[in-house]
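> Return a 3D structure for these sequence lines:
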Amino acid sequence: MQQYNIVGRLRQYYITKVWHAFFMTLVNELKEYGFDDKKARVYLAILELGQAKVHEIAYKAGVARPTAYDILEKLTFDGLAGAYEKRGIRYYIANDPEKIKRNLQEKQKNFEKLNFFE
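Numbers count the residues shown, from 1 in each chain. Okay, here's the model as predicted:
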């Protein structure tokens, strides 16, 4: 029984380390698209949780709850997340990640329309 406990703990430790490395890779990818560290972590937390309350998202993302509120409002404004109320409790849900790509393409088109270099 003791050996199983050690193997189980080692397996959990390994899974946690691999997940953390994967998560940080995704955070870095989102940073390349203009997200800051906290915004990326909050967005990934919503994607992972599906629909969730602010305190659940904040805990998963490792940010303070007031910070999570601010970031969630920005994500909602940008169209990357949505919010709804159920029995007086506000829930957030991530919109399609493809929306990030479309937003960036739209920003690039708008920037190119400015013609700074002509």
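
> how distant is stretch 59-74 from the center of its chain?
Using CA atoms, centre = their mean, to the nearest Å, the distance from the centre of stretch 59-74 to the centre of the chain it belongs to is 10 Å.

> average pLDDT across it?
For stretch 59-74, mean pLDDT is 94.

> Now tell me what touches that stretch from outside.
38-39, 41-42, 44-46, 48-49, 52, 54-55, 57-58, 81, 83, 92 (CB atoms under 8 Å, 6 or more residues apart in numbering). Where C-beta positions appear, they are placed from N, C-alpha and C, glycine not excepted.

> C-terminal to the lowest-mean-pLDDT helix or strand in the chain, what's the next element?
Least confident helix or strand of the chain, by mean pLDDT, DSSP states H and E, is helix 2-32 with a mean of 68. Following helix 2-32 in sequence order, the next helix or strand is helix 37-49 (DSSP states H and E).

> How about residue 54, nearest residue that isn't a chain neighbour?
Spatially, and ignoring its direct neighbours in sequence, residue 54 is nearest to residue 68 (5.4 Å; CB to CB, 6 or more residues apart in numbering).

> That neighbour: which element?
Per DSSP H and E: helix 65-77 holds residue 68.

> which parts of that helix are buried?
68, 69, 71, 72, 75 (16 or more other CB atoms under 10 Å).

> measure the residue nearest to the spatial centre of the chain to residue 79 for me?
Closest to where the C-alpha atoms of the chain average out (CA atoms, centre = their mean) is residue 43, at 1.7 Å. Using CB to CB, to the nearest Å, residue 43 is found at 12 Å from residue 79.
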